[in-house]
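**Student:** sequence plus predicted model, see below.
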Amino acid sequence: MTSDAVVPQRYPFPGKQVDVFFNADFSLLQEKLSREKTIFITDENVFAAHADTFSGWRHIVIKAGEAFKNQQAVDSIIEQLIALHADRQSYIVGVGGGVVTDITGYVASIYMRGVRFAFVPTSVLAMVDASIGGKNGIDVGVYKNLVE
């Protein structure tokens, strides 16, 4: 299916609108987003499997796994966003499973008091929990999703 045939499902919220694209491919992002203003966040496993897809795009690669969904990873991502000159017009896109979408949504909500973001979920959990469900957070010690 080409992205020309993909029509967003629109969901209005007070003061905002969310577009959800089902059955789309990566080329849709190339049509919708500027390479200069977009920064992808993904984990080392997704990046290793799809390095060519990220070629030419700015990206941040984090360690894979729940053990790395913590404040230290958030601090590292924020430092990299600063180094990449991310600003209020930037678009952060999380590509990966639940850990990547959780941490991407959380970072996007706190960086510069909130920047635009999107998800490309690669697991069912990421689709229903962090992406569509909108629940994003990080772990603190043994406490899962304590900070949201």
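**Tutor:** All right, it came through fine. Residues are numbered from 1 along each chain as shown.
**Student:** just name the shakiest helix or strand of the protein by mean pLDDT.
**Tutor:** Sorting the helices and strands of the chain by mean pLDDT, DSSP states H and E puts strand 16-20 at the bottom, at a mean of 75.
**Student:** how about the helix or strand following that strand: buried residues?
**Tutor:** Next in sequence after strand 16-20, counting helices and strands by DSSP states H and E, comes helix 27-32. Of the residues in helix 27-32, 28-29 count as buried by neighbour count, 16 or more other CB atoms under 10 Å. All C-beta atoms are positioned from the backbone trio N, CA, C, and that covers glycine.
**Student:** neighbours of Ala64, just the number please.
**Tutor:** Using other CB atoms under 10 Å, the number of residues around Ala64 comes to 18.
**Student:** repeat that for Ile41.
**Tutor:** Neighbour tally, Ile41, other CB under 10 Å: 27.
**Student:** any idea how far Val115 is from it?
**Tutor:** Distance of Ile41 to Val115, computed by CB to CB, to the nearest Å: 12 Å.
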